[in-house]
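**Q** Would you be able to build a 3D model of this:
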Amino acid sequence: MNRNRKVSRRFVLRGLGGAAVALPVLESLAPKGATAGGTSTPPFAIFLRQANGAAVAQNTKVGNEPERFWPASTGALTPDSLQGRALDELTDFRDNLLVVGNVNMENYNFADGHARGAFQCLTAQPAAVPGAGGSSEAGGESLDHRIGAELNADGRESMFLYAGSAGGWLGGACISHRGSANRRAPLHDPVLAYQQMMGIDSDQFATLIARQRSINDLVKSEMDTLLGRPELSTQDRMRLELHQQSIRDLENGLSCDLSKDQEAALDGLAAGHASNNGDEVLAAVRAHMDVAALAVACGYTRSVAIQVGNGNDGSTRYRNLETGEEMENFHFLSHRRLSHGGDGEIISDSDVLHHYVDRQFAMAFRHLLERLSEYVMPDGQTLLDAGLSCWFNDLGSGPGHSFRNLPNIIAGSAGGFLRQGEFIQLGGDGTNHARFLNTLGSAAGLRDANGDLISDFGDPAQDRTPLPEMMA
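**A** Now for the predicted structure:
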């Protein structure tokens, strides 16, 4: 694979108690003879999944609903085209966005709309067993896993992170898979995700927090030696200082979460990352994003998937942005009724309330983009530029459980591979979801045996050629 041809400029500092801190690319310590073409930061992919579709223009049994999600017009993204839509939360990053409309899944027989979306969203595969409904399993590997399996060092699997109540519809975590009917268990607690990345256990982390110390302290001697090397450039010193500060900031945030979790456990309540409260769930999502940004910055992984809520996110109650009060559970809002089905009392203004949920996901996605933007790599790119981050929905709309026109918002060009600053509508009315995923996989660095863009991911019965409309 092409990853074996890359020149490594990454270091891992190993300190007390088995702690390991991977560092960002250090260009001044590149092996002699490394070429300029090898200096670019390897691309990566971070996936953020939202359930239940978006508050889009649609006709429902409750009434006609206006557009509150997609930009007002195709072409260049502008403040005017985003105004009043959930995406206007991302206006400051509009030049980094590729908004892709008319991505359509296949109507495979899952016997449940949520199963069809959640198990197909990163696999582009039919059900392992047709018609299984809530007991469904995916029919193949997910893209996040393939990227990790082929591009991560030492065969390390991609990171799979989850926020929201454990269990629930479709068994809780359901978007990441090693293969057919082989779903992956996620890291639920951001603290555990951080510990795994840094090579420390819960006791070591608790000791660090109690002593108001950082994992930076465990590798201080090694870091001092590295910083003392005369060939280290000023830019690399700045990268190391930013990396250390990012680690400390993340630890400070996680230590607060940890103390809340401990307090909640004493009260017999669920920890914040396993909460039904939308504010707590999204706080855990942001912590997961901080871990993800560190993980891709230091080369720990080339792929991260973050799932929010179970198969239909039917437990989480997000906040009303007008009143500040907790709303009905998201699945009820998406149905516009006090029901997990098609009956039940109509929820007043539920399309607006759904829009408020979309906005809160956009705010969370913005947090990730802000974190990635803080890292400036040796080639002058920010980490945001170097990779791609995709906020996607596994349904097109809530009430109809649509598998067509799925919301997909991509930030970052993956080193110039993807178009930026635009809202595009893919052509045709047929299934193109497998083509979309092959495009993202190629942007993240996957190649076939001939070194060409991949066109073999997903259901072989579907067209899997990458989409030139998305490429720069």
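
**Q** for stretch 82-96, which positions count as buried?
**A** For stretch 82-96, a neighbour-count test (16 or more other CB atoms under 10 Å) marks 82, 85-91, 93-94, 96 as buried. Every C-beta, even on glycine, is put in place using the N, C-alpha and C of the backbone.

**Q** Please tell me how far that stretch is from the chain's geometric centre.
**A** Stretch 82-96 sits 18 Å away from the centroid of its parent chain (CA atoms, centre = their mean, to the nearest Å).

**Q** cool, and stretch 51-66?
**A** 25 Å.

**Q** Buried residues in that stretch, which are they?
**A** Within stretch 51-66, the residues scored as buried using 16+ other CB under 10 Å are 51-56, 58, 62, 65.

**Q** Mind giving me the packing neighbours of the helix or strand encompassing residue 144?
**A** Per DSSP states H and E: residue 144 is located in helix 143-151. In terms of contacts (3 or more CB pairs under 8 Å, 6 or more residues apart in numbering; DSSP states H and E), helix 143-151 is packed against strand 45-50, strand 303-308, helix 433-443.

**Q** Next secondary structure element downstream of it?
**A** Following helix 143-151 in sequence order, the next helix or strand is strand 159-163 (DSSP H and E).

**Q** Can you give me the buried ones in that next one?
**A** For strand 159-163, burial by neighbour count (16+ other CB under 10 Å) applies to 159-163.

**Q** Now do that strand against helix 143-151, angle only.
**A** Strand 159-163 runs at 150 degrees relative to helix 143-151, counting by axes from the mean of the first three to the mean of the last three CA atoms, to 10 degrees.

**Q** Skip ahead from strand 159-163 and say which helix or strand is next.
**A** Next element after strand 159-163 (DSSP H and E): strand 177-179.

**Q** List the buried residues of that next one.
**A** For strand 177-179, a neighbour-count test (16+ other CB under 10 Å) marks 177-178 as buried.

**Q** Quick check: neighbours of that strand in the sheet, parallel or antiparallel?
**A** Looking at strand 177-179 with DSSP bridges, its partner strands are strand 182-183 (antiparallel).

**Q** next structured bit after the partner strand?
**A** helix 190-198.

**Q** Just the CA atoms of the next helix or strand after that following helix, as CSV, please.
**A** Counting by DSSP H and E, the element after helix 190-198 in chain order, helix or strand, is helix 202-210. Taking Å, rounded to 0.1, in the frame of the first residue of the first chain, the C-alpha atoms of helix 202-210 are listed here in CSV:
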residue,chain,number,x,y,z
SER,A,202,-7.6,4.5,35.1
ASP,A,203,-5.5,4.5,38.2
GLN,A,204,-2.7,6.4,36.6
PHE,A,205,-5.1,9.0,35.2
ALA,A,206,-6.8,9.4,38.6
THR,A,207,-3.4,9.9,40.2
LEU,A,208,-2.5,12.6,37.7
ILE,A,209,-5.7,14.5,38.3
ALA,A,210,-5.4,14.2,42.1
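
**Q** name the helices or strands packed onto whichever helix or strand comes after helix 202-210?
**A** Counting by DSSP H and E, the next helix or strand C-terminal to helix 202-210 is helix 215-218. Other helices and strands packing on helix 215-218, by 3+ CB pairs under 8 Å, 6+ apart, are helix 202-210, helix 234-266.

**Q** This completes my enquiry, with thanks.
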